[in-house]
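Enquirer: could you work out the structure for the sequence below:
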Amino acid sequence: MATCNGEPYLQAQLDSVLAQLDVGDELVIADDCSTDGTLALIEQRDDPRIRLLPGKQRLGVVANFERALCAARGEYVFLCDQDDVWLPNKRTLLIEALASADLVVSDCLVTDGMLAVTDPSFFAQRRSGPGLLRNLWRNSFLGCCMAFRRSLLARALPFPPGLPMHDTWLGLVASATGRVRFVGTPTLLYRRHAASASPTGGRSHYGLIAQIAHRARFAAALGARLILLKTSPRTGQA
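Expert: Residues are numbered from 1 along each chain as shown. Predicted structure coming up:
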């Protein structure tokens, strides 16, 4: 989980995640120098499964998620935002799906800030589905709905400099080097509110030129990474 000034919604998300974790699981929380009550709220949980990584300087969403991923120790890794709510089926369903995939993405219920459902299917809204070129052109890798095998991190980390978004990168690397599954069952209440960190699912904040530049950056970075994977003994799955 990456956090930054998430106090208003964090309690509900922590409740929903911790209720599904086993004793041997961990919830790695990388905080990006919050100035509200986020850190105090996490520390009050006093749960041994939580591993809190306070920030030393503000990194931004992508670099902060990278910090959390570098610290993760489990075989299965779930990306987690601070303001959503996991549905009770999330952990079990996605781990079952990972039996035949390196990365899985589930559907979710889109909600407003008070968790009232505004759209019953993010997949339908976004026309989501697998495919490298399809997602390079129109991304449907929504990080808060993703889980993947630890082996993907060896191929996706470190993130290339200037990466526009971490979840798109993980999905594209998985598409190019492994098996990707889209699961049509919703596993999340995807809360959209005025302070949401990403515009995914709504109109992009970026203009047309910036969007084209982002796609070109992803394509160039992916090409460079695939060349590297071909010559790297530790990442020979490409």
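Enquirer: element containing residue 118?
Expert: Here residue 118, judged by DSSP states H and E, is contained in strand 117-119.
Enquirer: spatially central residue for the protein, please.
Expert: Central residue of the chain (Cα atoms, centre = their mean): residue 143, 2.6 Å from the mean position.
Enquirer: hang on, the earlier thing: who does the strand holding residue 118 pair up with?
Expert: strand 103-111 (antiparallel) (DSSP bridges).
Enquirer: what's around the nearest residue to residue 19 once chain neighbours are set aside, how many residues?
Expert: Nearest residue to residue 19, sequence neighbours excluded (Cβ to Cβ, 6 or more residues apart in numbering): residue 88, at 7.4 Å. In short, each C-beta sits where N, CA and C put it, glycine included. Look at residue 88: counted by other Cβ atoms under 10 Å, it has 11 neighbours.
Enquirer: so residue 88 sits in a strand?
Expert: No: under DSSP: H, G, I helix; E, B strand; the rest coil, residue 88 sits outside any strand and is assigned coil.
Enquirer: picking up where we left off before, what lies in contact with the helix or strand following the strand holding residue 118?
Expert: Toward the C-terminal end, the helix or strand that comes next after strand 117-119 (DSSP H and E) is helix 122-126. Residues outside helix 122-126 that contact it (Cβ atoms under 8 Å, 6 or more residues apart in numbering): 107-110, 119, 128-129, 138, 140, 142, 145, 182, 184, 190, 200-201.
Enquirer: make it 10 Å
Expert: Defining contact as Cβ atoms under 10 Å, 6 or more residues apart in numbering, one finds that helix 122-126 is touched by 105-110, 118-119, 128-129, 138-140, 142, 144-145, 182-184, 186, 188, 190, 200-202.
Enquirer: for residue 81, phi and psi?
Expert: Residue 81 adopts backbone torsions of phi -90, psi 160, taken as degrees, to the nearest 10.
Enquirer: isn't it right up against residue 196?
Expert: Yes: using Cβ atoms under 10 Å, residue 81 is in contact with residue 196, at 8.7 Å.
Enquirer: between the two, which contacts overlap?
Expert: residue 190.
Enquirer: mind checking which of the two has more residues around it?
Expert: Higher neighbour count among residue 81 and residue 196: residue 81, with 24 against 16, using other Cβ under 10 Å.
Enquirer: relative to residue 175, how far out is the more buried one?
Expert: 22 Å (Cβ to Cβ, to the nearest Å).
Enquirer: likewise residue 59?
Expert: Distance, residue 59 to residue 175, by Cβ to Cβ: 26 Å.
Enquirer: more neighbours: those two, which one.
Expert: For the pair residue 59 and residue 175, the greater number of neighbours falls to residue 175 (21 against 17), based on other Cβ under 10 Å.
Enquirer: brilliant, that's me finished.
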